[in-house]
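S.K.: Below are the sequence and a predicted model; questions follow.
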Amino acid sequence: MTTIPEKVNFDILVVGAGPVGAGAALRAAESGARVGLIDRVRTGGTSTNTVCVPTRVLAVAARLLRDIRSAGLYGIEVSDPNLIWSQLVARVHDVVEEVHANKQTAAQIRASGGELFPRDLRSL
């Protein structure tokens, strides 16, 4: 695990790289403050990484299964669908990565002169 150096001088240290923390760090850095942003995992927060985005992907899969299974009511003949869990989980991870790629939060903070801790804080 990467550690924070013993002595670091910041004007502002933000704890939590979710939307609010990352936004605050970015605005402060853009205003000229020396900013540090610390998080235990990665930018994006709970919604992007573990709750809202993954749940929406799972909900789409559930709706698709339901729709396919009820297609016969509309004269559409289909075979019984088979859920392949490992592929669904891979899709969840892909969508989370797409969200990170689109947001570029870590890159924006670094480009504004802010520092992320741990320094290897992942975000595409």
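M.R.: The structure has been received and is ready for your questions.
S.K.: List the backbone torsions phi and psi for the residue of the chain positioned farthest from its centre.
M.R.: Farthest-out residue of the chain from its mean C-alpha position, per C-alpha atoms, centre = their mean: G75, at 40.4 Å. Backbone torsions of G75, given as degrees, to the nearest 10, read phi 80, psi 20.
S.K.: Please renumber the chain so that the first residue is 8 from this point on.
M.R.: Let's use 8 as the start, then, which means that last one is G82.
S.K.: Could I get the pLDDT score of it?
M.R.: pLDDT recorded at G82 is 97.
S.K.: swap in D127?
M.R.: Looking at D127, the pLDDT reads 58.
S.K.: quick revisit: tell me which residues touch the residue farthest from the centre of the chain, please.
M.R.: By C-beta atoms under 8 Å, 6 or more residues apart in numbering, G82 lies in contact with nothing. All C-beta spots, glycine's among them, are computed from the backbone N, C-alpha and C.
S.K.: And it, how far from V96?
M.R.: To V96, G82 is 34 Å away according to C-beta to C-beta, to the nearest Å.
S.K.: from memory V99 sits against L65, does it?
M.R.: Yes - with contacts counted by C-beta atoms under 8 Å, V99 reaches L65, the gap being 6.8 Å.
S.K.: Between those two, which has more neighbouring residues?
M.R.: Neighbour tally, V99 and L65, criterion other C-beta atoms under 10 Å: the higher count belongs to V99, 17 against 13.
S.K.: in what helix or strand does the more buried one lie?
M.R.: helix 92-110 (DSSP states H and E).
S.K.: what does V60 give?
M.R.: Assigned by DSSP H and E, V60 falls in helix 59-76.
S.K.: what comes up buried for that helix?
M.R.: By 16 or more other C-beta atoms under 10 Å, the buried positions in helix 59-76 come out as V60, P61, V64, A68.
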